[in-house]
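**Q** Okay, here's the prediction I keep looking at, along with the sequence it came from:
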Amino acid sequence: MHVIASTVVIVVSDNLKSMYAANNIARAVRHYSRNGVHLAGLVANDVRDPARVAELASFAERLGTRLLAEIPHDPRFRAAERERALVTDLHPDSDLSRTFEAVAAALRDLDEAAAPS
């Protein structure tokens, strides 16, 4: 089998369909772990209710992984889509840009040996 990636990060929202899909992906990653593939964690995306972040963290724990970052729901995303631009380009000094910088840093800093599988 040819392995395309060794580290998997699942982007998940706080709705049941997204969590169901994330669960299926996590099961597939576990199945192929003998090939060197591991689940590094989840990124919570488009979270409308901050209380749901704890739910996603618990979900991640049940999957045997961790919540790496949270990207909140924000109307600036839709506005950026209408402009056909990245929210970080339209709002480079915003809290959203800082959130994406933090997510990027977390992904860069993943220690493959320490990541749960």
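**A** Yes, it's here. Quick caveat: nothing in here was measured; it's all calculated off a predicted structure. Numbers count the residues shown, from 1 in each chain.
**Q** Could you list the low-pLDDT ranges of the chain?
**A** Within the chain, the segments meeting pLDDT under 70 span 1-4, 111-117.
**Q** Domain boundaries for it, per the record?
**A** Following automatic domain parsing, one gets these domains for the chain: 1-73, 74-111.
**Q** Just send those back as TSV, with mean neighbour count too.
**A** Yep, even glycine has a C-beta here, placed from its N, CA and C like the rest. Listed next are the domains of the chain as TSV, based on neighbours: other C-beta atoms under 10 Å:
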stretch	mean neighbour count
domain 1-73	16
domain 74-111	13
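**Q** Quickly find the element holding the closest residue to residue 14 other than its chain neighbours.
**A** Nearest residue to residue 14, sequence neighbours excluded (C-beta to C-beta, 6 or more residues apart in numbering): residue 52, at 4.0 Å. Per DSSP states H and E, residue 52 falls inside helix 51-62.
**Q** What helices and strands are in contact with that helix?
**A** Other elements packing on helix 51-62 under the criterion 3 or more C-beta pairs under 8 Å, 6 or more residues apart in numbering; DSSP states H and E are helix 16-31, strand 38-47, strand 67-72.
**Q** quick one: the second one to helix 51-62, angle?
**A** Meaning strand 38-47. Interaxial angle, strand 38-47 versus helix 51-62 (axes from the mean of the first three to the mean of the last three C-alpha atoms, to 10 degrees): 170 degrees.
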